[in-house]
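In: need a 3D model of the following:
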Amino acid sequence: MAPSAITVLPTTEEVNKKQQLATKEKTPLQAISQGMCLPGIPSFTDFEKQRHWILEHMAGAFRVFARKGFTEGMSGHISVRDPEFPHQFWTNPLAVHFGLLKASDMILVDFDGTAIGGNLSRPANAAGFLIHSAIHKARPDVHAACHTHSKFGKAWSSFARPLDMLNQDICYLYGDAHAVYHEFGGIVFSEEEGARLAAALGPQGKGLILRNHGLLTVGTTVDEAAYLYTLMERSCEIQLMVEAAAANGIKKVLVEDEAAAYTFKMTSDPEALYWEFQPDLDYEFARNGDFKN
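Out: Residues are numbered from 1 along each chain as shown. Got it, this is the predicted structure:
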């Protein structure tokens with residue numbers, strides 16, 4: 001009787017190498033799409049149409065933040081660079097709940113702090129202006145920035161430590177993609193403080209932990225910046241849970257640098273991050289699309 005054949009299974013390393021080779025020539029969005037690829041970020045030939053689309057998504061981001069509980073009194077702001085005039089950006093009015101904001105509520109300000117368009121019935125947040133204007137000045141590649149005083153971000157910020165690579169999702173912010181701003185001087189009311197904060201973010205940063213303050217994220221679209229904010233806030237929550245378990249003697253196991261770097265490479269593309277936010281945004285559209293006006 002002939003001996004039965006022995007099946008030799010590939011090692012994890014061999015499987016990973018095959019997967020990397022299979023996705024080598026694909027964009028991250030193509031790699032994650034089985035079959036027909038998701039479309040890219042919409043492009044426009046008309047600034048007014050692009051502007052309205054941006055403001056719709058900006059208002060939608062505020063609705064998502066409201067549903068996730070990122071509100072805290074008058075604190076918190078999103079800014080989006082105007083598509084036609086890059087030295088101007090849109091932001092939210094002071095003291096309006098995120099869950100009530102509409103596209104038509106946003107205020108257009110220039111880098112000097114002058115409100116020049118949009119809904120001028122309320123002021124913008126002065127501290128928010130200094131933070132966002134400094135970031136937009138320092139990083140021409142940044143088209144949107146998000147900052148709120150969300151619960152877990154505030155809690156983790158008290159440690160003034162970057163987040164550990166505890167799981168696949170936080171690898172979206174691996175390496176220089178997120179940093180810590182180690183100073184805290186209270187509410188930001190000086191240009192110098194805003195400039196130092198922008199410098200801490202760095203030339204490649206996507207997320208920033210502001211010591212004793214909260215979180216800030218940036219992106220090439222408001223969708224990207226908003227998704228990274230939700231991811232970073234959830235990652236702070238998970239880190240706090242893991243730290244509590246580790247304090248009881250359970251050892252943490254981190255993602256290895258090679259795997260974290262590869263995950264970052266395959267997830268940090270602007271189009272992939274844009275699409276990461278669309279399920280939450282679509283849910284808000286379906287629940288109540290009045291923020292589009």
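In: which of the residues in the helix of greatest length in the chain are buried?
Out: In the chain, taking DSSP state H as the definition, the longest helix is helix 222-247. Going by neighbour count (16 or more other CB atoms under 10 Å), the buried part of helix 222-247 is 222-239. C-beta: built from backbone N, CA, C; applies to glycine.
In: please, where are all the helices along the protein?
Out: Taking DSSP H, the helices of the chain run over residues 12-23, 28-32, 47-67, 126-138, 151-157, 191-201, 222-247, 257-267, 270-287.
In: any idea how far the closest residue to L108 other than its chain neighbours is from L173?
Out: In space, and not counting its chain neighbours, L108 is closest to G117: 3.6 Å by CB to CB, 6 or more residues apart in numbering. G117 sits 33 Å away from L173, going by CB to CB, to the nearest Å.
In: surely P162 touches Y181?
Out: No - counting by CB atoms under 8 Å, P162 does not reach Y181; the two are 11.1 Å apart.
In: quick one: common contacting residues for these two?
Out: Residues touching both P162 and Y181 (CB atoms under 8 Å, 6 or more residues apart in numbering): I209.
In: higher neighbour count, these two?
Out: Of the pair P162 and Y181, Y181 is the one with more neighbours under other CB atoms under 10 Å, namely 21 against 18.
In: show me what contacts the more buried one?
Out: Taking CB under 8 Å, 6+ apart, one finds R196, L197, A200, L201, L208, I209, L210, R211, H213 in contact with Y181.
In: so the fourth one makes contact with D176?
Out: Same thing as L201. No - L201 is beyond contact range of D176, at 9.9 Å (criterion: CB under 8 Å).
In: neighbour-wise, which of the two wins?
Out: Shown here are L201 and D176; by other CB under 10 Å, L201 has more neighbours (24 against 13).
In: any low-confidence regions in the stretch 101-250 of the chain?
Out: Judged by pLDDT under 70, the stretch 101-250 of the chain has its weakly predicted residues at 189.
In: again, only this time at 90
Out: 127, 184-194 (pLDDT under 90).
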